[in-house]
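Q: Got a predicted structure plus its sequence, pasted below:
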Amino acid sequence: MTKYGRTLEIGPTDLTSEKRTPRKPLNMIPDEARASFVPYAPYTFNALPAEADMTRLAPGRPQADGEPIKITGRITDQYGRPIRRSLIEVWNANKYGRYTHIEDFSGLKLDPNFLGIGRMLTDDDGNYEFWTIRPGEYLAFPDISRWRPKHIHFSIRGGASRLITQMYFKDDPHNDRDPMRILMGDNFDANIGKEYEIEGDDFDCGYQFDIVIGGKNPTFFEDL
Amino acid sequence: MTHSDKKINSLTVTNEDTLGPYYPISLCDQDNMDMTKIRSGVVNEAQGKKIIIKGCVKDINGNHAHGCLLEFWQPNANGVYRTPITEASDKIDPWFTGYTRHRTSDGNFKLTTIKPGVDKDQESPRAPCITLTIFSDGITRVVTQLFFEGEPTNETDPLLLSLPKEMRERLMMKALTRTDDGTVVYNVEVRMAGDNETPFFDDLLS
């Protein structure tokens, strides 16, 4: 007998989501096959300190346009145990809402001093930090006037399972119409960076974004 | 392998989100679509029968799903997955990891690997299969497993048996051609949505 799990929801006003979201409920995995769904990535990750500073292309280069911000956080499992030495990959649009990605055809302004790609590892207590430019919002679907609010993409890797997520900014007027934000419902707060003040003039402010990885998949992280 | 089911005091889980269309391609520079060679410039190769899998990921309209990040995970020629738990086992092939990932611009992929074996020591032996995870724009992560058409062990595989018969067919990779050196080429089409939708699995609730 087939047992069913979640039915994935389609993001409202998201054409790609309409085209790619399975319509049938997901099938539950029988116990005998459960372990085979937990990949183990056998990598020893590394990242250079400069890769955590996205505000400039390299140490000593000019600062990119826009407001420099600091992002800090801790990665844990549901039980508060730190996810150690995992690789965090981050990417975000520049001040003008443009990615350096070769498939971003928006035509928005590029910033010659901004790459928008960073990497760093969590420390022994699961903490991470990096510096970037506050991303711009951008008009994702001009025909229906739908904007993407400011956001920073996160990919967490290491051992088993990966979390792909995004950090949002509180009070962005475009948050309310964002398809994924709508699907997150009341739990949207979990994906908002908590703003805090930073002394000095180097940064506009800081954001604390603690990440909790759920489900059975983070298990092998513990062995790293 | 699993956490205790005690949910007391557990933290609110961060929501998964879509990959978006702009996952940095350069972050995949080290990724390798030939799993028979885990290190470049070294003569050693994975044990087992070398195969090629050609696949494509399509959307509800049958158009190629561009900009997907794909992850592949499989056991070795002895049917054993390589993890920290199995690492010391005699059945581990030190020249095979079973893990790779690939960012596809147009939805197509070509994976060179070895055919997974069957571990007869298992209580309910799994048929040879490859776990595929898809990250993409418009949707959070989805996972499935791809099987080899005509394998006798398909008839007793616990995952396949958990599906209605007509759905099992959609997870089959078909051997249609061979390369000049005799390597069998399997073909598969993954449909993310619609009439011929590929069965996907819930690895969050399962």
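A: Sure thing, it's come through. Note that the structure is a prediction, hence the values are computed from the model and not measured. Numbers count the residues shown, from 1 in each chain, chains lettered A, B, ... in the order given.
Q: where along chain B do the strands fall?
A: B:50-58, B:68-73, B:99-104, B:108-114, B:129-136, B:139-148, B:172-178, B:184-191, B:201-202 (DSSP state E).
Q: now do chain A
A: Counting by DSSP E, one finds strands in chain A at the ranges A:27-28, A:40-41, A:68-77, A:87-91, A:117-121, A:127-133, A:138-141, A:146-148, A:151-157, A:159-160, A:163-169, A:192-196, A:205-208, A:211-213.
Q: ranking those strands by mean pLDDT, which is last?
A: Mean pLDDT is lowest for strand A:159-160 among these, at a mean of 66.
Q: Flag the shaky bits of chain B, pLDDT-wise.
A: B:1-9 (pLDDT under 70).
Q: I figured B:S136 hits B:Y22, correct?
A: No: B:S136 is not in contact with B:Y22 according to C-beta atoms under 8 Å; the separation is 11.8 Å. All C-beta spots, glycine's among them, are computed from the backbone N, C-alpha and C.
Q: who has more neighbours, those two?
A: B:S136 (28 against 21; other C-beta atoms under 10 Å in any protein chain shown).
Q: and the more buried one, what does it touch?
A: A:T16, A:R20, B:T18, B:L19, B:V57, B:A65, B:G67, B:C68, B:L69, B:M192 (C-beta atoms under 8 Å, 6 or more residues apart in numbering or on different chains).
Q: ok so, going back, rebuild the strands of chain A as TSV, extending it with distance to B:P125.
A: Below are the strands of chain A laid out as TSV (distance: least, C-beta to C-beta, whole Å):
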stretch	distance to B:P125
strand A:27-28	20
strand A:40-41	20
strand A:68-77	31
strand A:87-91	34
strand A:117-121	38
strand A:127-133	41
strand A:138-141	47
strand A:146-148	47
strand A:151-157	30
strand A:159-160	23
strand A:163-169	32
strand A:192-196	47
strand A:205-208	48
strand A:211-213	31
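Q: could these be laid out in TSV, adding distance to chain B?
A: Listed next are the strands of chain A as TSV, based on distance: least, C-beta to the nearest C-beta, whole Å:
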stretch	distance to chain B
strand A:27-28	5
strand A:40-41	4
strand A:68-77	7
strand A:87-91	5
strand A:117-121	4
strand A:127-133	13
strand A:138-141	10
strand A:146-148	9
strand A:151-157	6
strand A:159-160	8
strand A:163-169	4
strand A:192-196	11
strand A:205-208	13
strand A:211-213	5
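Q: For the contacts of B:S136, pick the one with the most neighbours.
A: Each of those was scored for neighbours by other C-beta under 10 Å, and A:R20 scores highest at 28 neighbours.
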